[in-house]
Each structure stands twice: as structure tokens, then as C-alpha cells.
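Engineer: Let me see the structure of the following:
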Amino acid sequence: MRNGILVPGAGRADGAVVRWPAPPPRVTPTVRLLSPPALPRIKVLHVITRFTAGAGANTLLSAEGMDPDRYEVWIAGVPGGELWQRARAAGVRTVEIPGFRHTLTPADPLVLWRLVRLVRRERFTVVHTHSGKGGFLGRVAARLCRTPVVVHTFHGFSFHPYMSRPRRTAYRWLERSTRRLTHRFLAVSPRVAQQAVEERLAPPGQVDVVPSAVDLGHLPERFDPAARRMFGVPRGTTLIGTVGRIDSQKAPLDFVRTAAAIHSRRPSTAFVMIGAGPLEGEVRRLAAELDVEVILTGHRPDAARLVAGLDVFVITSLYEGLGRALTEALATARPVVATAVNGVPDLVEHGATGLLVAPADPDGTARAVGWLLDHPAEADAMGRQGCRRVRSAFAPQAMCAAVDACYRGLLGLPVPGPVAGPAP
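Structural biologist: Residues are numbered from 1 along each chain as shown. The predicted structure is shown next:
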């Protein structure tokens, strides 16, 4: 046809490009038309383990950003967490499943039964799963209910070298066993995609990289003196900080050891940890033992803005899919030091957008922070380059468009685009 939309491989076994007829132009009527009937929407269920910052916030952004005229989006997961109310306020249907936990428990068969009841009752077209345990239970439920499309996103991995061998084996098996139940895989960074293939969690050629979007519009693009004042630290005092849940994944004790190593050489430096978690008591005890003062703010809903008051941002994580807090720190042009784990090197290019260090190496982290403090011009340049990179590549609109394209491709729907003009 002379007018049409190019649709790669639609309806063709050989993948050749065919044309789908373009809709005819609208005619402005002289009389009022009857209201059109409501067209059925594609029902999507996201199944996630812990609906909190990081993977949870990324999942919520993708749910909020889908076209409400085309999609009806639901989220199911572990009860509790700061994002459920925000999801409901945005019009997303939510189901907090009783008994669901982020670790393996004897109640998991009951959780699976509840998921099956939900999927069977609502007849979802797409089940989109996240995280290790949520991915396992969600994909098994989808298969039992014969859900047409199953997608899984790798935000990181539920197993890592620092957990016990039996637990690591169990979580790796959970992810591998559901590989064949999945029609498409997404990953938040190229290195996460590569690791998923190398670990045989996804077949080669079946993983699309969709950068983990972060809403950055409300964040300043440079140092913010107002954020510094929130800590009560004078501008003339160097402030080193981190943001994240204070748990074993983030290695908060390594941050304290890093702070002690820096403090021994630069006694006037201040340190802050923004966040809360089960290891707060151990952090306080170690800081007292090493004679270094670390400000603990507890959970702060404005954590992303507070980062703009730091002189250097540090993450000491032992594993990290990409790092939401890291993305937000780069967006505020903060010089960063980060452990080279999982997808972090896709975001922090050593010497260009920050410095990379080995995990579980507080002395090496302290040396990297010291280098940035000794070379302020280079540190400032890295911060500016990191800001430009994340603000251009991590927009929620781009992520939602990629997820929409994934769903459309699996359902055989044309990808919207400009209508071709008449042939000459």
C-alpha cells in the first residue's frame, strides 16, 4: 500500500518487512457522533518480591508510564514498603500477598496458590516478573494459568559470591528452572544481560537491555548548598556520603572502615549514611570502635535531593544490578567512587564518570576518595560527565517505550510510528 507503517516480521515467518495499512484520516463531522465503545485493554501483572526502592521503584515507573488507554497494570508482591500507596495513587492496581517474603519460607506454596488464583481470576495477557523469588513464583503461576506472554527482568541476581553455597545453589536453581517458562528477558544493563546468559538463566539472543530509569526531573544538576545545610555540616568541611538500605548487600561496615581510613589522614572530613536497615547497630558500634563519627540519618524520603549536598558519593555494595542511588548521585554531578560489581561498570566508567574499586576493599576505596579530593578539577569534570550521561540515557519515557515495544512484539502488535507519505 502507498500509506502504511513498517512492521518488521509481522505475520511473516521469514521476518521480512511488511506494511500494515495506515488508518484513514479523521473526518470532522457536522453532527455530534455517538460515543465510541470502550476497547479492551491489555492486562499486565508485575510480580515483584520486595516493592521498595531500586527494583521496586523501577517497576513502579514502568507501570505508571504505560499508556492507560492500552494497558491495565497490576503489581503484586511482598506486603509493606513505601511504594504501595504511591502505586495506588497513580491508578495502578495493587495486591499485597499475605505470607509473601523476600526469602524462601515454608509458606511459599501458599503464596504460589494465591498468585495462581489471582492470575486465573483476572486473566492477564502479560505476566512480567522481577527478582529471583518473585520471578520463580510469578512464572510458575503464569505457566499453570497458561498466560499468553511471560516477561522477566533481571535487575540483579538473587545469588552472589558472598552468600553460603547452599543458598547460592538454591537461588540459582530457582532462576534456571523457570528459564523455559519465559518468552522474553529484559536486563537493566549490558553486563547484567551478559551475566544472565553466562549463568544460563536466559538463552543467548533473548535478553534485551532496557536501562533502569530514574525520575531525575526534580533533582538539581549541581551541588546544592541547601542540601548541605540539612546535615548541619559547614560548607568548608568535606562531606563524604552514601545512600542505601543498611544491610549486608550494601556492605555498610566497609563504608565505616573507609571513613576511618580517610579520617586518619583528613581529620576534618565528615561522613554520612542516608538510609535505614538491620545493620544500623553494628554500624554505630564499629564507628565508635574505630573512633570515627558517622552521621546516620535514618530513612529519608528526600534522600535523592540530599545527595546534592555531598562532596563525594560512595557505594561499597557487594552486588548491585545498577544502583538507583548511584544514578541519582551522578544526576546531581557528584564525583563518585563505586565498587565494580554487576552492572555498575556500565554506569561508572573509570576515569570518565567516576572511579571504580574492588568490593570488600575499604583501603582501596579510601585511596580512590582521597584521589578525588586531591584532584578537584578532574573530580568536577567526572561529575559533570556522569550527569550528562544519566540524564540523557535513563529517562522513564525511554524505558516505558522499550517495555511497550517488548509487549507489542510478543503480541504481534505494530509498533507506532510516523505514517509514510504518498509515493512520488
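
Engineer: Please make it C-alpha for all contacts and neighbour counts, starting now.
Structural biologist: Will do.

Engineer: need the contact list for residue 206.
Structural biologist: 184-185 (CA atoms under 8 Å, 6 or more residues apart in numbering).

Engineer: remind me, longest helix of the protein?
Structural biologist: Ranked by residue count, the top helix of the chain under DSSP state H comes out as helix 376-393.

Engineer: Which positions in that one come out as buried?
Structural biologist: Buried residues in helix 376-393, counted by 16 or more other CA atoms under 10 Å: 378-391.

Engineer: Can I get those residues in a markdown table including distance to residue 312 and pLDDT?
Structural biologist: Listed next are the buried residues of helix 376-393 as a markdown table, based on distance: CA to CA, whole Å; pLDDT from 0 to 100:
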| residue | distance to residue 312 | pLDDT |
| --- | --- | --- |
| 378 | 13 | 95 |
| 379 | 9 | 96 |
| 380 | 10 | 95 |
| 381 | 13 | 95 |
| 382 | 11 | 95 |
| 383 | 9 | 94 |
| 384 | 13 | 94 |
| 385 | 15 | 93 |
| 386 | 13 | 92 |
| 387 | 14 | 92 |
| 388 | 17 | 89 |
| 389 | 18 | 87 |
| 390 | 17 | 86 |
| 391 | 19 | 84 |
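
Engineer: Now flag whichever of those is closest to residue 141.
Structural biologist: Nearest to residue 141 among the buried residues of helix 376-393, counting by CA to CA, is residue 390 at 35.8 Å.

Engineer: And the longest helix of the chain, what does it pack against?
Structural biologist: Secondary-structure packing of helix 376-393 (3 or more CA pairs under 8 Å, 6 or more residues apart in numbering; DSSP states H and E): helix 324-331, helix 362-374.

Engineer: List of residues touching that helix?
Structural biologist: For helix 376-393, the surrounding residues in contact (CA under 8 Å, 6+ apart) are 211, 216, 221, 327, 330-336, 348, 351-354, 372-373.

Engineer: tell me the angle of the helix or strand that comes right after it relative to helix 376-393?
Structural biologist: The helix or strand immediately downstream of helix 376-393 is helix 396-411, counting by DSSP states H and E. Angle, helix 396-411 to helix 376-393, by axes from the mean of the first three to the mean of the last three CA atoms, to 10 degrees: 40 degrees.

Engineer: Quick check: buried residues in helix 396-411?
Structural biologist: Going by neighbour count (16+ other CA under 10 Å), the buried part of helix 396-411 is 396, 398-407, 409.

Engineer: Report all helices and strands that it contacts.
Structural biologist: helix 55-64.

Engineer: how about residue 77, what does it touch?
Structural biologist: 47-51, 95-97, 100, 134.

Engineer: ok, now residue 121?
Structural biologist: If you count contacts by CA under 8 Å, 6+ apart, residue 121 has none.

Engineer: Would you quantify the distance from it to residue 128?
Structural biologist: Note on residue 121: its distance to residue 128, by CA to CA, to the nearest Å, is 17 Å.

Engineer: Name the spans of the protein whose pLDDT lies under the cut-off.
Structural biologist: 1-22, 417-424 (pLDDT under 70).

Engineer: Please parse it into its domains.
Structural biologist: 42-213+395-411, 225-393 (automatic domain parsing).

Engineer: end-to-end on the longest one?
Structural biologist: With CA to CA applied, domain 42-213+395-411 spans 10 Å between its terminal residues.

Engineer: and if you look at stretch 297-310?
Structural biologist: For stretch 297-310, the first-to-last residue distance is 14 Å (CA to CA).

Engineer: distance between that stretch and the chain's centre?
Structural biologist: 18 Å (CA atoms, centre = their mean, to the nearest Å).

Engineer: ok, and what's touching that stretch?
Structural biologist: Contacting residues not belonging to stretch 297-310 are listed as 219-220, 222-230, 239-243, 272-276, 313, 325, 328-329, 332-334 [CA under 8 Å, 6+ apart].

Engineer: which of these are buried?
Structural biologist: The neighbour-count criterion (16+ other CA under 10 Å) marks 219-220, 222-224, 227-228, 239-243, 272-276, 313, 325, 328-329, 332-334 among the contacts of stretch 297-310 as buried.

Engineer: Not counting sequence-adjacent ones, nearest residue to residue 262?
Structural biologist: Nearest residue to residue 262 in three dimensions, chain neighbours excluded: residue 366, at 5.7 Å (CA to CA, 6 or more residues apart in numbering).

Engineer: rewinding a little: which one of the helices and strands packed on helix 376-393 lies nearest to residue 164?
Structural biologist: Residue 164 lies closest, by CA to CA, to one member of the helices and strands packed on helix 376-393: helix 362-374, at 22.4 Å.

Engineer: packing partners for the closest one?
Structural biologist: helix 252-265, strand 336-339, strand 355-357, helix 376-393.
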